[in-house]
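A.B. asks: Predicted model and sequence follow; I will ask about them next.
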Amino acid sequence: MELVYQCVNVLRKDLLQQWRARARLAAVGVFGLTTLLLFSFANGPDTLMLRANAAGYLWLALLLCSTLSLAESFRIEMQNGALEGLLLLPTDPRAIYYGKALANLAVLTVLGVGLIPVMVGLYDTSIPGGVVPLAGVIALGSAGLVAPGTLYSALSARARGSDVLLPLLLFPLVVPALLSSVKATSLILAGDPMHQLPSWLGLLAAFNVIYWSLCGLLFGRVVED
Amino acid sequence: MARRHAGRWALRGVDLELEAGRALMIIGANGSGKTTLIRLLGTALSPTSGTLRLFGGSPEAARPRVAMLSHADQHYDDLSARDNLLIADRLAPRAGTDVGAVLEAVGLGPRADDIVRTFSQGMRKRLAFARLLWKRAELVLLDEPYAGLDPAGGRFVDTLVRDLRASGTTVVLSTHQVSRGAALCDDAVLLEGGRVKWRGKAADAPADELAELSGEPQE
């Protein structure tokens, strides 16, 4: 019970920090928007191709945004030794991990949902599957990114060249989650006559269960000396 | 107890026993291992070899009873002084501790709701002292507490240590202000190259060594 209480308070702390430094969050959102815009420029005026690849572009933009927001999440913890302060209170490392991962999930989901209208406008796509299921897929896919991302950002924040190290560690690991998210999003955007969506969502949920359990267990070993 | 860091021994062959309620001063030149010893006692580091026991048990179990003032002040810059303390208070509640009163005690009452980023170095240190007082620990570790403080801040630290001692708290103080520390502590340890060179009563510390460390002739 104490673990849940501490987890909720770490989440509350992180959300408060995100709110106080909302200019940084807005900058990440603008970065995502710019990425979507660049994909449309790279493709040229081929609307069919843009529409066909919209899900992939959305998730690539979210993946790039996630590296920025995840790195920031632990930069503020390492800046003045604040993470050490939390651990010595003492706070259970699992509570720190789950609190921070949930805060990162909230940020990435908000960014993803915010990018939906941009994607619709830029790529001239419709959402026959509905906005709510799409938001659900974004939340589930974001969970698959932030679970290992939170662990790796803690790991890389202590290393030199952490900005480069985080994507290098994270990108290969999240390929299954990214693939499932892109497929599920494509089915919502283009229709799902073969009823494949539940299979991809099941796969994504399975990855989430594995990542969230394993990373929560490993986090203590990463942050404790 | 020994600790290896970045390919070299930061501390080795240290065998110390600290009696509850006493105050120990750790002295030594830069790089002698003072901070490493403080961080080991504060459970921020684990010994590479040897055993550390705090209050007769494991270091992890002792964490709620230990408070450490380190070089890094452990604050969140984007939050207010009050928010910083409230976060700690919510994560590890201390019954009967009033965050507002603690901030008043360290002289941060009027600035309690200001963002930490706007604080001077001295004010940041005072907030770190507030965190120390809030924890009401039985073992308090102070790593160079006078650094970055004006004369009034230095006197505040002296009073803080005396008050902690009067309440029965065990204090470990690492400082380059040797005379000042000797007036506050019972025992002293002189570190050199990660080893204990001398240990004894603070008042009996070798004068020539202390003169070398503090840059002033010792009485």
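C.D. replies: Yes, it's here. Predicted, not measured: the structure shown is a model, and the values here were computed from it.
A.B. asks: What helix or strand is A:Phe171 located in?
C.D. replies: helix A:162-173 (DSSP states H and E).
A.B. asks: Quick one: distance of that helix to the chain centre.
C.D. replies: The chain centroid and the centroid of helix A:162-173 are separated by 13 Å under Cα atoms, centre = their mean, to the nearest Å.
A.B. asks: what does it contact?
C.D. replies: A:63, A:66-67, A:70-71, A:145, A:148-149, A:152-153, A:155-156, A:159 (Cβ atoms under 8 Å, 6 or more residues apart in numbering or on different chains). Every residue, glycine included, has its C-beta placed from N, CA and C.
A.B. asks: ok, of the residues you listed, which one's closest to chain B?
C.D. replies: Nearest to chain B among the contacts of helix A:162-173: A:Ala159, at 13.4 Å, using Cβ to the nearest Cβ.
A.B. asks: quick one on the thing from earlier: identify each buried residue in the helix holding A:Phe171, please.
C.D. replies: Using 16 or more other Cβ atoms under 10 Å in any protein chain shown as the test for burial, helix A:162-173 gives A:162, A:165-167, A:169-170, A:173.
A.B. asks: Make CSV out of those and add pLDDT.
C.D. replies: Listed next are the buried residues of helix A:162-173 as CSV, based on pLDDT from 0 to 100:
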residue, pLDDT
A:Ser162, 81
A:Leu165, 92
A:Leu166, 93
A:Pro167, 93
A:Leu169, 94
A:Leu170, 95
A:Leu173, 95
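A.B. asks: any idea what sits nearest the residue nearest the centre of chain A, other than its immediate chain neighbours?
C.D. replies: With distances taken as Cα atoms, centre = their mean, A:Ser142 lies nearest the centre of chain A, 3.8 Å away. Nearest residue to A:Ser142, sequence neighbours excluded (Cβ to Cβ, 6 or more residues apart in numbering or on different chains): A:Leu108, at 4.0 Å.
A.B. asks: my read: that neighbour touches A:Cys65, true?
C.D. replies: Yes: using Cβ atoms under 8 Å, A:Leu108 is in contact with A:Cys65, at 7.0 Å.
A.B. asks: For chain A, list the residues in contact with chain B, please.
C.D. replies: A:6, A:9-10, A:12-13, A:16-17, A:20-21, A:76, A:79-82, A:84-91, A:95, A:225 (Cβ under 8 Å from any Cβ of the partner chain).
A.B. asks: Kindly write the ChimeraX command that selects the buried subset of these.
C.D. replies: Remark: buried members of the residues of chain A next to chain B, expressed as a ChimeraX selection using 16+ other Cβ under 10 Å:
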select /A:6,9,10,13,16,17,20,21,76,79,80,81,82,84,85,86,87,88,89,90,91,95
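A.B. asks: still on that earlier bit, go ahead and list the helix or strand containing the residue nearest to the centre of chain A.
C.D. replies: Judged by DSSP H and E, A:Ser142 forms part of helix A:131-157.
A.B. asks: Remind me what that helix packs against, helices and strands.
C.D. replies: helix A:47-78, helix A:93-123, helix A:162-173, helix A:175-190, helix A:197-223 (3 or more Cβ pairs under 8 Å, 6 or more residues apart in numbering or on different chains; DSSP states H and E).
A.B. asks: coming back round to it: now, the residues of chain A next to chain B that are in helices?
C.D. replies: A:6, A:9-10, A:12-13, A:16-17, A:20, A:76, A:82, A:84-88, A:95 (DSSP state H).
A.B. asks: of all these, which comes closest to chain B?
C.D. replies: Nearest to chain B among these, with distances taken as Cβ to the nearest Cβ, is A:Gly85, at 3.1 Å.
A.B. asks: Tell me both backbone torsions, phi and psi, for B:Leu139.
C.D. replies: phi -130, psi 120 (degrees, to the nearest 10).
A.B. asks: residues touching it, list them.
C.D. replies: Applying Cβ under 8 Å, 6+ apart, we find B:Leu139 in contact with B:41, B:54-55, B:62, B:65-67, B:169-172.
A.B. asks: out of these, who's near chain A?
C.D. replies: Contacts with chain A within the contacts of B:Leu139, as defined by Cβ under 8 Å from any Cβ: B:Val66.
A.B. asks: Keep only those of the contacts of B:Leu139 that are in strands.
C.D. replies: B:66-67, B:170-172 (DSSP state E).
A.B. asks: What parts of chain B come near chain A?
C.D. replies: Checking chain B against chain A by Cβ under 8 Å from any Cβ, the hits are B:42-46, B:60, B:63-64, B:66, B:68, B:70-79, B:83, B:87-88, B:90-92, B:115, B:131, B:135.
A.B. asks: which of the residues you listed are buried?
C.D. replies: The neighbour count (16+ other Cβ under 10 Å) marks B:42-45, B:63, B:66, B:68, B:70, B:72-79, B:83, B:87-88, B:90-92, B:131, B:135 as buried among the residues of chain B next to chain A.
A.B. asks: Sort out which of the residues you listed are in helices and list them.
C.D. replies: Per DSSP H, the subset of those in helices is B:83, B:87-88, B:90-91, B:131, B:135.
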